[in-house]
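Student: here are the coordinates; sequence isn't available:
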């Protein structure tokens, strides 16, 4: 396979914008599947989990491969619900380009903004697909304006929709100035013809705007444009591709995935404008303190990133890899740069959702799954044992909600912990711990739905019986004043004297996030080999605050001084002194409790706006504003997470089932009283 003819893309959007429906249509028209599934009927092939089919939403990202115009397209269909944002994060980390789906009625929605920012973080070129043009009150122009205003991005329409709502006929291809029309709801063979007289003037204005934007990208187009001459199609295509790769703008196409309109031109845009691995710079990592690079080619040494683990009941885990360079075949050894272990390639699978196809090797550009890896976690680098490199690991947000769980009987205890450990390996935003005081097993996650799905998998997929407690808020702690403590540790352990003294200072740092450690100890007071264990002990001790035992945030811990006894010094002594000093600093720093506050957006028909505002106000909400969007009103608010439990039921009640909401962590706020 030629790397120039490979596209690794993701499909990302707000929940219900039409990602999975779009993917199903792509798979059908590329010949990958012979019957289109429907999300509402639970028959979409990419939503293969029972929980996805029952809820009608995507929960886990699914990978597949198809072909169009002699190109291979690897696709990852991602979730749209904010609780599963980690799935989007790790997909974007390994993809070369993406399709962002927007609803022509709702425009840029909260999770649309979130995934767009995630794509910005990983410098991913994008194509925009404005979906649901056939829906009542569809307004693609509003969507274009919101992309520019809310996302600070430059949309580049390369099509113009012809007709809206039930009159949606097709699109004008602004490069060729031809009408692409779908005369029925089958969408198999679009008709290419002349532009209707009624819209020809508008189409010319859209094309002139397109040429004007492209003239900034290509001097040849600028000359032709200024001279009033026709710009050749091939020049426009070259400029669009160049600008897309630079992320100067984002090509926009229109359609209705549900009605099977607009999919073929979308595929053409993927092939023409999104990058191949050859278009991207080398991946960068480190080894032994030195910068390392790998060119995205089969000729360089093998290098890959483990971006996803999938756990199953009674079957081996799947380890999803993005191969950046080189190749590895069955039986080859690959090196895990985090663990220092060498693994053997036992089985390589090309995935279509949950269906597997065995292949004999993996090479640069591939997205595959391995079976038989003994020790790995999400974010690990696997490379050639003779050419070592460690790529940057993935970052995931911390969980904000937890529940307690206990086995139904004693015989379920070991099995439950075994399965929970498996699920935690699969999902980096899912935490499992045992409470030291109560002995309870505590599960933490990104939201009620996230934990609900994981517990359901535990019970139904893995057949573990148990009881779940009420969801609880994961509070945080901080200090409100400075404090300095000197702590001396001196004790005989196993017949040997251990002694060390550490002086720590703590400072409030509002908005600082996790604990920040700063070393200001005079040179020579503490040998370098003991500084790392002091820092490690500070971070470990900060996981339990002095107020109620919650993790500490928004503080700076400063190592001020220390006393080193050559004959009695040890890592044990310095660790214990640092831990004791921080505990006392936290106690002396006037500790306070912080609660997570969520940014909430509720979409409701305007008939129920008053009831929605009222339902939020009684939950201690601060209403930030109400925005009209067609016949829908969007209420924005900040609400303590503790008040949002059960809000799904409440919202359904006050809006007769027609309201929806999203929320994500905004900040931590001091708990009064």
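Tutor: Everything's here; your move. Here the structure is a predicted model, which means the values were calculated and not measured. Numbering: from 1, shown residues only.
Student: Might you list the low-confidence residue ranges for the stretch 301-450 of the chain?
Tutor: Low-confidence segments of the stretch 301-450 of the chain (pLDDT under 70): 436-438.
Student: Okay, strands next: where are they in it?
Tutor: For the stretch 301-450 of the chain, the strands defined by DSSP state E, counting those that start in this stretch occupy 303-310, 318-325, 327-329, 333-336, 342-344, 347-352, 355-359, 361-363, 367-371, 381-383, 390-391, 401-407, 431-434, 441-445.
Student: Pipe those strands into CSV and attach mean neighbour count and distance to residue 548 per row.
Tutor: Just so you know, the C-beta spots here come from the backbone N, C-alpha and C atoms, and that holds for glycine as well. Output for the strands of the stretch 301-450 of the chain, formatted as CSV (neighbours: other C-beta atoms under 10 Å; distance: least, C-beta to C-beta, whole Å):
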stretch, mean neighbour count, distance to residue 548
strand 303-310, 25, 33
strand 318-325, 25, 39
strand 327-329, 17, 50
strand 333-336, 19, 39
strand 342-344, 14, 43
strand 347-352, 19, 45
strand 355-359, 12, 48
strand 361-363, 20, 49
strand 367-371, 22, 43
strand 381-383, 26, 39
strand 390-391, 20, 38
strand 401-407, 19, 14
strand 431-434, 14, 16
strand 441-445, 22, 14
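Student: Residue 240 and residue 251 touch, don't they?
Tutor: Yes. Counting by C-beta atoms under 8 Å, residue 240 does reach residue 251; the two are 5.9 Å apart.
Student: To which secondary structure element is the nearest residue to residue 600 once chain neighbours are set aside assigned?
Tutor: The spatial neighbour of residue 600 that comes closest, neighbours along the chain excluded (C-beta to C-beta, 6 or more residues apart in numbering), is residue 663 at 4.4 Å. Residue 663 belongs to strand 660-670 when assigned by DSSP states H and E.
Student: List the contacts of that strand.
Tutor: Applying C-beta atoms under 8 Å, 6 or more residues apart in numbering, the external contacts of strand 660-670 come out as 14-16, 81-82, 85, 109-111, 114, 397, 400, 447, 476, 478, 511, 553-554, 592-604, 638-641, 644, 647-648, 651.
Student: Write the ChimeraX selection for whichever of the residues you listed are buried.
Tutor: In ChimeraX, a selection of the buried entries from the contacts of strand 660-670 looks like this (16 or more other C-beta atoms under 10 Å):
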select :14,15,16,81,82,85,109,110,111,114,400,447,476,478,553,554,592,593,594,595,596,597,598,599,600,601,602,603,604,638,639,640,641,644,647,651
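Student: so of the contacts of strand 660-670, which ones are in helices?
Tutor: Per DSSP state H, helices hold the following members of the contacts of strand 660-670: 85, 110, 111, 114, 647, 648, 651.
Student: how distant is stretch 4-18 from the center of its chain?
Tutor: Mean-position distance between stretch 4-18 and its chain equals 13 Å (C-alpha atoms, centre = their mean, to the nearest Å).
Student: one step back: shared neighbours of residue 240 and residue 251, which are they?
Tutor: 156, 158, 273.
Student: So which of those is surrounded by the most neighbours?
Tutor: Counting neighbours by other C-beta atoms under 10 Å, the top entry in these is residue 158, with 27 neighbours.
Student: which residues does the closest residue in space to that residue that isn't next to it in sequence contact?
Tutor: Sequence neighbours aside, residue 251 is the residue nearest to residue 158 in space, at 5.0 Å (criterion: C-beta to C-beta, 6+ apart). Residues near residue 251 by C-beta under 8 Å, 6+ apart: 127, 128, 156, 157, 158, 240, 244, 269, 273.
Student: Quick one: the strands in the stretch 501-650 of the chain, in order.
Tutor: Going by DSSP E, counting those that start in this stretch, the stretch 501-650 of the chain shows strands at 516-519, 555-563, 591-605, 622-629, 632-640.
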